[in-house]
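A.B. asks: The following comprises the amino acid sequence and a computationally predicted model.
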Amino acid sequence: MRSSAHLALFGLIAAVIAVQQITAHTGSGYYLTQLTMSAYYSLVIVGLCLLMGYAGQISLGHAGFFAIGGYISAFLTTHDLTPLKDTVFVAFLNKTGILWAREDLYGGQLLTVQPWPACIAAVLFTVVVAYIVGGPVLKLKGHYLAMATLGFGTIVYRIALGTTALGAADGLSDVPPFKLTPFLEVSGEMSARVQNYYIAWGLVILAVFLSLNLIHSRIGRALRAIHAAQDAADAMGIDTAKYKLNIFALSAVFASVAGVFLTHYNGGIGPSEASIMKSVRYVAIVAVGGMANLWGALVMGTLLNFLSLRGYLGSYDDAVFGGILIVIMLFIPRGLLHTDILRDLRALLPGKAGEEDA
Amino acid sequence: MALLEVKDVRKRFGGLQAVDTVSFAVAEGTIKALIGPNGAGKTTLFNLISGFVSPDGGAISFRERQVQGLRPYQVAAAGMARTFQHIRLFPKMSSLENVMVGRHLHGRSGFLASMLSLPRTRREELKAKDKAMELMDFLGIAGLAGTEATSLSYGQQRLVELARALACEPRLLLLDEPAAGLNMRETAEMASVISKIRDMGITILIVEHDVSLVMNISDEIIVLNYGRKVADDVPLAIQKNEDVIRIYLGGDDA
């Protein structure tokens, strides 16, 4: 990784700590809740940025991967296996320590899968789905790829909405906290608010670190080459289909992990997390951030999700993101966060349009 | 046995027989040129060899291995590297990064190793960079390493593309009209560079429109017309070949 990227990473760590300190000293710790949730959405966006910005492949189905992670983890950690206790399979799982007995909200006894194995199962399942969907779909380009991934997102949404076992329109609730280590727990408890802020942002920092390494590597160059000129990349010995599929799966994993963690943090998940508008929102944020700009995507992801979660965008929330997408595509296709932004904005002023292009 | 052997290769696009039962061989360590008027099927033949187009029939063997129908990246992995008639550099990447993409086949680090930036990954990265710089130096473009490739002049872009192909360390280098768009001085320099590459031991197959370029540097020349092979000989014989003269000077039956 380049040293400038290292420096920026330290800047991010410093900013994360500074924000927490400020909220602690100004008594505004309640902001941490939305900042924690924003962090998980930003994790989806960092992954999508790798796929869209660097490898040049769009996905309008990433809310689907987020939902697969969240729903599987929620289902496994809430579905009571007590009635099946004596079947060979459940008895075997029980013996391996994958299951645990816990109390539900009303004090009843439940036998469910523990969060760690549930998380691993959720992410593995996401990988399988990503490869099955990505295999045929990534042969498509541009609009066709967008439409196909949109189709995938719709399927996940309708399954979430229509399956009784997944709570249908109500979604799943009473998802237990996720004990990562004896001292770290993903949960929405007030007392664990600071801890959860750091867990979420720690995860984002890790994701950014891994992504930056990837971008500045042999693989990153291959992905950018595919984006820039696929035939030439092919002629250099790059198996373009394989690389597109791998980056698709990787970005799906980012989304899935975010889904798992946010579901445990919120204590539940509903079908709106799988909706098309969520996918559109993710794509809009990557576009505002400037496509091939990991930092832009991260900053915009945090800012816009924070505003949305705090309710500043009002009931027209989704409309705002739709609007953002239109404005960016029409006027500032390179996004808001790059060094030439002033030039781009000046070109928008009346009477000056296109002047700079001459 | 020849390094590359093309046998009875055919390709039809709709009503056009672009390549019609063409056979030829390229001996190791030589420069072979493929010439012919516009639409003679040169580029199609080139695409057939490099895997961008699948033949309707015939066989292509490279290093005694059948390569017809393989995907371009597999052909590249077998030891063939190519340039493009219309330069295909990667925009938004520096010249150095463009050339480093050519090192792809010589790297091993996958997604996980790259994300973790393992020591071996970093060593590999430095080696790729050194090799890329060495090649850019050889072609006299080391000073352009940090410049965005697509912002360079046409002649410089041709050299970056050539460096990128050489970075693959191919056994056979396929050059698709390397002098297209170059001025006379640049064309002469390109000719000397191509000879130097051959002297390094790399076999070269070159498609060219500019006959004067290939006459000087080629060991053998094939002439194509309407998808058919008209002649396949040493340059001196090609210059005297009556069919070739008729094709190039124009005749009523051409």
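C.D. replies: That came through fine. Residues are numbered from 1 along each chain as shown, chains lettered A, B, ... in the order given.

A.B. asks: At the contact with chain A, which residues of the stretch 151-254 of chain B appear?
C.D. replies: Taking CB under 8 Å from any CB of the partner chain, the part of the stretch 151-254 of chain B that reaches chain A is made up of B:Arg164, B:Cys168. Every residue, glycine included, has its C-beta placed from N, CA and C.

A.B. asks: how about the strands of the stretch 151-254 of chain B, start to end?
C.D. replies: B:172-176, B:203-207, B:220-225, B:228-233 (DSSP state E, counting those that start in this stretch).

A.B. asks: measure A:Lys242 to A:Leu60 for me?
C.D. replies: 23 Å (CB to CB, to the nearest Å).

A.B. asks: Grab the longest helix from chain A for me.
C.D. replies: helix A:240-266 (DSSP state H).

A.B. asks: got a list of what the closest residue to B:Arg71 other than its chain neighbours touches?
C.D. replies: In space, not counting the residues next to it along the chain, B:Arg71 is nearest to B:Gly51; the distance is 5.7 Å by CB to CB, 6 or more residues apart in numbering or on different chains. Counting by CB atoms under 8 Å, 6 or more residues apart in numbering or on different chains, B:Gly51 touches B:Val67, B:Gly69, B:Leu70, B:Arg71, B:Pro72, B:Tyr73, B:Gln74, B:Val75, B:Ala76.

A.B. asks: can you check B:Leu116 too?
C.D. replies: A:Leu210, A:Asn213.

A.B. asks: ok, now which ones touch A:Leu345?
C.D. replies: Counted by CB under 8 Å, 6+ apart, A:Leu345 has contacts A:Ile332.

A.B. asks: that older thread, would you check the contacts of B:Gly51 and say which has the weakest pLDDT?
C.D. replies: Across the contacts of B:Gly51, the smallest pLDDT goes to B:Gly69, namely 88.

A.B. asks: So the closest residue to that residue other than its chain neighbours: helix, strand or coil?
C.D. replies: Spatial nearest neighbour of B:Gly69, excluding adjacent residues (CB to CB, 6+ apart): B:Ser54 at 5.1 Å. Three-state assignment for B:Ser54 (DSSP: H, G, I helix; E, B strand; the rest coil): coil.

A.B. asks: Now do the same contact list for B:Ser54.
C.D. replies: By CB under 8 Å, 6+ apart, the residues touching B:Ser54 are B:Leu48, B:Gln68, B:Gly69.

A.B. asks: In strands, which of the residues you listed appear?
C.D. replies: For these, membership in strands holds for none, with DSSP state E as the criterion.

A.B. asks: who wins for most neighbours among those residues?
C.D. replies: B:Leu48 (26 neighbours; other CB atoms under 10 Å in any protein chain shown).

A.B. asks: contact partners of the helix or strand harbouring A:Leu111?
C.D. replies: Secondary structure from DSSP states H and E places A:Leu111 in strand A:109-113. Strand A:109-113 is contacted from outside by A:76-82, A:85, A:90, A:93-94, A:98-104, A:121, A:176, using CB under 8 Å, 6+ apart.

A.B. asks: Need the buried ones from those residues selected in ChimeraX.
C.D. replies: To isolate the buried ones among the contacts of strand A:109-113 in ChimeraX, judged by 16 or more other CB atoms under 10 Å in any protein chain shown, type:
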select /A:76,77,78,79,81,90,93,98,99,121,176
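
A.B. asks: got the contact list for the most centrally placed residue in chain A?
C.D. replies: Closest to where the C-alpha atoms of chain A average out (CA atoms, centre = their mean) is A:Val44, at 1.6 Å. Residues near A:Val44 by CB under 8 Å, 6+ apart: A:His62, A:Phe66, A:Phe254, A:Ala255, A:Ala258, A:Gly259, A:Tyr282, A:Gly301.

A.B. asks: What is the nearest of these to chain B?
C.D. replies: Comparing the contacts of A:Val44 against chain B with CB to the nearest CB places A:Phe254 closest, at 11.4 Å.

A.B. asks: What is the neighbour count of the closest residue to the closest one other than its chain neighbours?
C.D. replies: Nearest non-adjacent residue to A:Phe254, counting by CB to CB, 6+ apart: A:Gly47, 2.8 Å away. When neighbours are defined as other CB under 10 Å, A:Gly47 has 30 of them.

A.B. asks: can you give me the helices for the chain?
C.D. replies: Let's take chain A. For chain A, applying DSSP H gives helices covering A:3-26, A:31-49, A:62-78, A:88-96, A:115-137, A:142-162, A:193-215, A:218-228, A:230-235, A:240-266, A:276-289, A:294-309, A:317-331, A:341-346.

A.B. asks: meant chain B, my bad for not saying
C.D. replies: Under DSSP H, chain B gives helices at B:42-50, B:72-78, B:95-101, B:111-116, B:119-138, B:154-167, B:184-199, B:211-217, B:235-240, B:242-249.

A.B. asks: What mean pLDDT does stretch A:125-134 get?
C.D. replies: Stretch A:125-134 comes out at a mean pLDDT of 97.

A.B. asks: how close does the residue nearest to B:Gly69 get to chain A?
C.D. replies: From B:Ser54 across to chain A, the span is 14 Å (CB to the nearest CB, to the nearest Å).

A.B. asks: Please report phi then psi for A:Ser28.
C.D. replies: The phi/psi pair for A:Ser28 (degrees, to the nearest 10) reads phi -110, psi 40.

A.B. asks: what's near enough to touch it?
C.D. replies: A:Ile22.

A.B. asks: Where do the domain boundaries of chain B fall?
C.D. replies: Using automatic domain parsing, the domain parsing of chain B gives B:1-79+B:170-254, B:92-169.

A.B. asks: out of the ones you listed, which comes closest to A:Gly53?
C.D. replies: domain B:92-169 (10.7 Å; CB to CB).

A.B. asks: So what would you say the end-to-end distance of that closest one is?
C.D. replies: 24 Å (CA to CA, to the nearest Å).

A.B. asks: got any ranges where the stretch 51-200 of chain B has weak pLDDT?
C.D. replies: Within the stretch 51-200 of chain B, no range satisfies pLDDT under 70.

A.B. asks: closest one to A:Ala5 among the domains of chain B?
C.D. replies: domain B:92-169 (10.7 Å).

A.B. asks: how much distance is there from the closest one to the middle of the chain?
C.D. replies: 18 Å (CA atoms, centre = their mean, to the nearest Å).

A.B. asks: So for residue 241, what's the pLDDT?
C.D. replies: Just so you know, I chose chain A. Here, the pLDDT recorded for A:Ala241 equals 95.

A.B. asks: actually it's chain B I care about, not the one you picked
C.D. replies: We note a pLDDT of 90 for B:Asn241 in this prediction.

A.B. asks: buried ones in stretch A:246-253?
C.D. replies: A:Asn246, A:Ile247, A:Phe248, A:Ala249, A:Leu250, A:Ser251, A:Ala252, A:Val253.

A.B. asks: Provide a list of residue ranges in chain A with pLDDT below threshold.
C.D. replies: A:1-2, A:338-340, A:351-358.

A.B. asks: cutoff 90 now
C.D. replies: Applying pLDDT under 90 to chain A picks out residues A:1-7, A:27-29, A:82-87, A:91-92, A:94-97, A:101-110, A:141-143, A:190, A:288-293, A:311-358.

A.B. asks: TSV for the helices of chain A, including distance to B:Ala149?
C.D. replies: Shown next, in TSV, are the helices of chain A (distance: least, CB to CB, whole Å):
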stretch	distance to B:Ala149
helix A:3-26	21
helix A:31-49	23
helix A:62-78	31
helix A:88-96	55
helix A:115-137	30
helix A:142-162	24
helix A:193-215	18
helix A:218-228	10
helix A:230-235	11
helix A:240-266	19
helix A:276-289	25
helix A:294-309	22
helix A:317-331	27
helix A:341-346	22
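
A.B. asks: Would you mind telling me which of the ones you listed is nearest B:Val19?
C.D. replies: Taking those one by one with CB to CB, helix A:230-235 is closest: 19.3 Å.

A.B. asks: The closest one packs against which elements?
C.D. replies: helix A:218-228, helix A:240-266, helix B:72-78 (3 or more CB pairs under 8 Å, 6 or more residues apart in numbering or on different chains; DSSP states H and E).

A.B. asks: what is the spatially most central residue of chain B paired to in the beta sheet?
C.D. replies: Closest residue to the average C-alpha location of chain B: B:Leu174 at 1.8 Å, with CA atoms, centre = their mean. Going by DSSP bridges, B:Leu174 is paired in beta bridges with B:Arg82, B:Leu205.
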